[in-house]
Structures are given as structure tokens and as C-alpha cells.
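> Sequence plus predicted model, see below.
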Amino acid sequence: MKKWQGWTVAVLTALCLCMPLTTQAAEEIGEEPEEITTSEPRTDNSRADDWFSKQDSSSSEKGALGRALDSKRQQNGEANKKVRYVYLLEDNGFAYYMDTRSAKWKKIPYSENEDIVDVWIRLVKTTPDDEYSYPQKYFLEHYYLRPKTKQIQFLSELEVAGRPDNSIKERQYRVQNWEDLISGSLEDEIYHNVMKYMKRDPVAHWFKGKSMRDVLEDTLRISI
């Protein structure tokens with residue numbers, strides 16, 4: 001009997017010791033969260049561009065698809081950086097630039113057996129000018145180049161301030177207007193510098209600006 005009384009006392013003592021800890025834990029769980037007393041508004045000083053840059057950087061971590069998208073975006077950016085006006089030479093206070101966007105091979109007028117180059121040249125003044133204008137004035141010159149005979153034909157010259165007018169008057173193409181190149185002349189420099197660029201462009205040079213389909217049709221006389 002004394003043995004059971006001893007066990008009962010030990011159990012009751014253990015329960016008494018555990019009750020304060022359990023009560024304290026329950027009170028802590030039931031406590032309400034501390035109220036934020038600060039009255040300062042929270043502001044986000046980050047830029048919108050930062051958010052987009054984070055999205056771009058995260059896309060590169062999405063595996064093969066993300067890397068492919070990044071590569072495509074980079075290629076498009078590099079393609080858009082292609083320079084339109086290529087420097088040719090400088091003479092008499094002007095810098096001469098070739099308009100690569102409009103330069104093309106075409107059939108010589110009234111003939112289907114010979115190709116010539118149709119090109120516009122932009123002249124920008126490099127020396128100080130007493131006459132100020134805004135936008136800055138420049139000149140556009142239009143030429144035909146004939147590689148077969150190494151000749152050049154001048155068609156027109158425009159003085160431009162801002163955007164050029166599309167309604168221009170050019171002198172008519174005439175066979176007798178072809179000029180032979182004189183070594184060291186301005187026309188000689190223009191001709192050879194333009195032809196260097198056209199030869200560097202495989203599509204523009206070898207296929208004369210035509211598509212592969214047109215080349216096959218003209219060469220093999222096969223309609224595709």
C-alpha cells in the first residue's frame with residue numbers, strides 16, 4: 001500500500017511542475033501580434049527598368065528555351081546596328097558617304113544584257129560654315145556606275161535640310177552621258193570605293209541584288 005502511495009505522490013509532483021510551463025506556452029500562443037506603431041510610409045525607389053532587367057536575367061536561368069530567347073534578342077540587336085551610311089572619302093571640305101540601303105544592281109536602261117550600280121552619295125560639310133541652318137544642310141548625289149566599261153554617269157544633285165523631298169527632277173539617262181574615269185579624279189574615287197563595298201557584299205555582288213529564285217530563272221530559264 002505504501003508503494004502505491006509513493007508512486008501517486010511522484011506522478012502528482014511531476015504534473016504540478018509541468019503545469020506552469022504549459023500555461024506560459026499557451027499564453028504566449030494566445031498573445032496578439034505586436035502593433036506597428038511607425039507612421040512613416042513605405043516607398044519603393046526602384047526603377048521600372050530594374051524590374052524588366054531582373055526578368056531578363058531570370059529568363060536566362062530557365063534552361064535551353066531561355067538561352068535561345070536571349071540569343072535571338074541579341075542577334076536582332078546586332079542586326080539593327082548595321083550602319084546605313086558608309087564613309088567613302090573626304091574632298092574639298094566634304095565627307096562622302098554611300099547610302100547602303102538604296103544602293104543596288106539594276107539592268108542598264110533599254111537593255112537586259114548588262115548590270116549597273118544605282119547609288120546615292122551623301123555629302124556632309126566638314127569645314128566651318130558661316131551660314132548656320134537647323135537642321136544641318138547636306139547634299140545628295142545620284143550616280144550610275146558601269147563596271148563593264150568602268151564608266152560613271154551623274155544624274156542629279158539635291159541640297160537638303162532635314163528630310164529630302166521625293167519629287168525630284170533628274171536628267172534623263174542617255175548613252176552619251178557615260179563618262180570615262182580619269183585617274184585621281186573625284187569620280188574615280190567615288191566609283192572605286194563604291195565598287196569595293198559592293199564586292200564585299202556577296203549577295204549584292206555575285207547575285208546583283210537578286211534572290212536565288214531570280215538567279216535560277218535568269219540563268220537556267222526555269223520558272224520556279
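Yep, it's here. Numbering: from 1, shown residues only.
> what about Met195, which SS state?
helix (DSSP: H, G, I helix; E, B strand; the rest coil).
> so where do the helices sit in the protein?
Ranges of helices in the chain, per DSSP state H, are 2-30, 48-59, 64-80, 186-200, 202-206, 212-220.
> weakest of those helices by average pLDDT?
If the helices of the chain are sorted by mean pLDDT, helix 202-206 sits at the bottom with a mean of 49.
> Can you check the pLDDT for the closest residue to Thr127 other than its chain neighbours?
In this structure, Thr127 finds its nearest non-sequential neighbour in Gly93, 4.0 Å apart by Cβ to Cβ, 6 or more residues apart in numbering. The C-beta positions use only the backbone N, C-alpha and C, and glycine is treated the same way. As predicted, Gly93 sits at a pLDDT of 91.
> Run a quick neighbour tally on Glu179.
14 (other Cβ atoms under 10 Å).
> show me the contacts for Thr149.
Applying Cβ atoms under 8 Å, 6 or more residues apart in numbering to Thr149 gives the contacts Trp178.
> for it, phi and psi?
phi -110, psi 0 (degrees, to the nearest 10).
> Count the neighbours of Val83 for me.
Neighbours of Val83 (other Cβ under 10 Å): 8.
> measure it to Asp99 for me?
Applying Cβ to Cβ, to the nearest Å, the value for Val83 to Asp99 is 11 Å.
> so Arg146 sits right up against Ile116, yeah?
Yes - counting by Cβ atoms under 8 Å, Arg146 touches Ile116, with 5.0 Å between them.
> Tell me which of those two has more neighbours.
Ile116 (25 against 17).
> what separates that one from Leu140, distance-wise?
With Cβ to Cβ as the criterion, Ile116 and Leu140 are 19 Å apart.
> For Arg146 and Ile116, list the residues in contact with both.
What both Arg146 and Ile116 touch, as defined by Cβ under 8 Å, 6+ apart, is the set Ile108.
> May I see the buried residues of stretch 181-199?
Leu181, Glu187, Glu189, Ile190, Tyr191, Asn193, Val194, Met195, Tyr197, Met198 (16 or more other Cβ atoms under 10 Å).
> what sits against the second one?
Put plainly, it is Glu187. Contacts of Glu187 by Cβ under 8 Å, 6+ apart are Ile152, Phe154, Glu179, Leu181.
> For the last one, give me its contacts.
Contact criterion Cβ under 8 Å, 6+ apart gives Lys150, Gln151, Ile152, Glu187, Asp188, Tyr191 as the residues in contact with Leu181.
> Next, give phi and psi for it.
Here Leu181 shows phi and psi, under degrees, to the nearest 10, equal to phi -80, psi 130.
> can you check Asp165 too?
phi -80, psi 140.
> Now Lys150: closest residue in space that isn't a chain neighbour?
Nearest non-adjacent residue to Lys150 (Cβ to Cβ, 6+ apart): Leu181, at 5.6 Å.
> got it, and Asn193?
Per Cβ to Cβ, 6+ apart, closest to Asn193 is Leu88, 4.2 Å.
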